[in-house]
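Chemist: Please work out how this folds:
(chains A and B)
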Amino acid sequence: MEKGTFEIKLGLAEMLKGGVIMDVVNAEHAKIAEEAGAVAVMALERIPADIRKVGGVSRMSDPTLIKEIQEAVSIPVMVKCRIGHFVEAQILEELGVDFIDESEVLTPADEVNHINKHQFKIPFVCGCLDLGEALRRIGEGAALIRTKGEAGSGNIVEAVRHMRKVMGEIQGLTALRDDELMTVSRKMGAPYELVKTTAELGKLSVPNFAAGGVATPADAALMMQLGAESVFVGSGIFKSNDPKARAHAIVQAVTHYNDPQVLLEVSTGLGEAMKGIEMKDLPEEQQLQHRGW
Amino acid sequence: MPKKIGILALQGDFAKHQEMLWLLKIETILVKKPGDLHGCEGLIIPGGETTTLTKLIQKYNLYEPIREFAEEHPIMGTCAGAIMVASTVDDHRIEPLQLIDISVTRNAYGRQIDSFITQVDVTFLQGPTRFKTVFIRAPKISNVGSQVEVLMELRGNPIMVQESNVLALTFHPELTTDPRIHQYFLEHFFTI
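Modeler: From the prediction side, this is the model:
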């Protein structure tokens, strides 16, 4: 019997497709998310919009809170750890969380290395800005990729940029001859074998989700139409004035992302979305997307 | 053999079933609303999260249309799909379709860290005598009705069962490259 192999990690990522993963900071939020139809919850100390406001070092949640969330819901519980902080990851594995997000939303613990994710029995998800970064993370053992977007911004523009970049680069790869792939691998700083596999498949070898800035059902459907296979929603739900209704609307928008009739219906009368930040008001040093490489 | 099979595509690994059916030269329809069942000769309910599936089946009024469809057409459910076709589930959050007389326990093996892959003996399939079974946060079938036939077992627990036109599996044949279970469904559940 095998346990903790890459194939098993990938299996869970497959089950999360066509769904919404919602950021939660406590058991009460987690129940709201599950009730609304989330496929998983993402536990973190503070949602990204509050991390921005509070400042300071942002770390893995207290295991007490994570345990409460695990007990409150039946859906998979994902938890964020800091980039490169493999001890936080060890603690999370010991706690039996279902997925770890090695996330740029928390303060990086290592500015050079990410976690060697092959060493763990539970799956990891990592963010990316482009295909090279996605393939580096897969090379380290990530079983799921999400485009980074700009967490806590309530602005979809960065998520769109990153998803278009990744999808465009994949499409570009499929048009190349085999003898051109090594050069691409060198330019992208990505493992040659993974460049080759991606070119052959015409898609990533692991599921590809979107994150960072989703605030409305339309935002979620936009990411799906651009090629995302599921959507992470952070501050967008619990920073809106009716989280329950918005969460359920976003779940429906992801399922019916190609159905304008449903999208119209679920977008109507939701109340105010989170306020959001214009990217020009967010200096580069305050952008979370540049953490990680 | 049927020509066109519907796959419930509200959430989950429906694309994996689609790939498997394409491999077997079967057309697929992704079912998201009741009208999509029109033209399907059978329906597959894939893996995914049953709380999400319950919510979306309720919201898009699919309970009655699927039940009516199941009166005349074959249904196959894998993992979450097996929970959804069961008659009872140990969790009030789930409203199953009650298409087969089995009771199911969710996440019965534990969390993701307890997910596993193992080879199981099969007697009813041609070819190799073992099938690679993938269990992801899988349920267990805790009870089977008198009319239910157990096709596969793991350590004494039923993992693949059938009753008239409904087939339920607690694992994921769609995550393997072995199409024999899908083939079995197509060959034995469609009589014309």
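Chemist: Helices along chain B, start to end?
Modeler: Here chain B has its helices, by DSSP state H, at B:14-23, B:50-59, B:63-72, B:80-85, B:180-188.
Chemist: do you know which of those helices lies nearest chain A?
Modeler: Taking Cβ to the nearest Cβ, helix B:50-59 is the member of these nearest to chain A, at 3.9 Å. For glycine as for every other residue, the C-beta is placed from the backbone atoms N, C-alpha and C.
Chemist: Can you lay out the helices of chain B as a markdown table showing mean pLDDT?
Modeler: Below are those laid out as a markdown table (pLDDT from 0 to 100):
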| stretch | mean pLDDT |
| --- | --- |
| helix B:14-23 | 98 |
| helix B:50-59 | 97 |
| helix B:63-72 | 97 |
| helix B:80-85 | 98 |
| helix B:180-188 | 97 |
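Chemist: wouldn't A:Tyr192 be in contact with A:Ser185 here?
Modeler: Yes - taking contacts as Cβ atoms under 8 Å, A:Tyr192 lies within contact range of A:Ser185: 4.2 Å.
Chemist: looking at the helices of chain B, which is buried most?
Modeler: helix B:80-85 (a mean of 29; mean count of other Cβ atoms under 10 Å in any protein chain shown).
Chemist: Run through who's touching that helix.
Modeler: The contact list for helix B:80-85 (Cβ atoms under 8 Å, 6 or more residues apart in numbering or on different chains) reads A:15, B:8, B:12, B:44-50, B:53-54, B:57, B:75, B:77, B:89, B:94, B:96-100, B:102, B:104, B:106, B:139, B:141, B:166, B:168-170.
Chemist: now it, how far from the centre of its chain.
Modeler: Taking the mean of its C-alpha atoms, helix B:80-85 sits 6 Å from the chain's own mean (Cα atoms, centre = their mean, to the nearest Å).
Chemist: Okay, strands next: where are they in chain B?
Modeler: Per DSSP state E, chain B has strands spanning B:4-8, B:27-31, B:43-45, B:75-78, B:88-89, B:102-105, B:116-121, B:130-135, B:140-144, B:149-154, B:157-163, B:166-169. These are given in chain order.
Chemist: closest to chain A out of those?
Modeler: Closest approach to chain A among the strands of chain B (Cβ to the nearest Cβ): strand B:116-121, 4.4 Å.
Chemist: quick one: strands adjacent to that closest one?
Modeler: Its sheet considered, strand B:116-121 pairs with strand A:2-3 (antiparallel), strand B:130-135 (antiparallel) by DSSP bridges.
Chemist: Could you check it and say which residues are buried?
Modeler: Residues of strand B:116-121 classed as buried: B:Phe116, B:Ile117, B:Thr118, B:Val120 (neighbour count, 16 or more other Cβ atoms under 10 Å in any protein chain shown).
Chemist: can you tell me how far the first one sits from A:Asp130?
Modeler: B:Phe116 is 35 Å from A:Asp130, where distance means Cβ to Cβ, to the nearest Å.
Chemist: Spell out which parts of chain B neighbour chain A.
Modeler: Applying Cβ under 8 Å from any Cβ of the partner chain, we find that chain B lies next to chain A at B:9-16, B:32, B:47-49, B:51-52, B:55-56, B:59, B:79-80, B:91, B:93, B:106-107, B:110-118, B:134, B:136-137, B:172, B:175.
Chemist: hang on, the earlier thing: buried deepest among the strands paired with strand B:116-121, which one?
Modeler: The highest mean neighbour count among these, using mean count of other Cβ under 10 Å, belongs to strand B:130-135: a mean of 21.
Chemist: hey, what's the most centrally placed residue in chain B bridged with?
Modeler: The centroid of chain B falls nearest to B:Gly77 when counting by Cα atoms, centre = their mean (1.1 Å). Listed beta-bridge partners, B:Gly77: B:Ile45, B:Ala168 (assigned using DSSP bridges).
Chemist: Quick one: residues contacting it.
Modeler: Contact analysis of B:Gly77 by Cβ under 8 Å, 6+ apart lists B:Ile44, B:Ile45, B:Ile83, B:Met84, B:Val85, B:Val166, B:Leu167, B:Ala168, B:Leu169.
Chemist: ok, the last one touching B:Leu154?
Modeler: No - with contact defined as Cβ under 8 Å, B:Leu169 and B:Leu154 do not form a contacting pair (11.1 Å).
Chemist: Those two - which one has more neighbours?
Modeler: B:Leu169 (26 against 20; other Cβ atoms under 10 Å in any protein chain shown).
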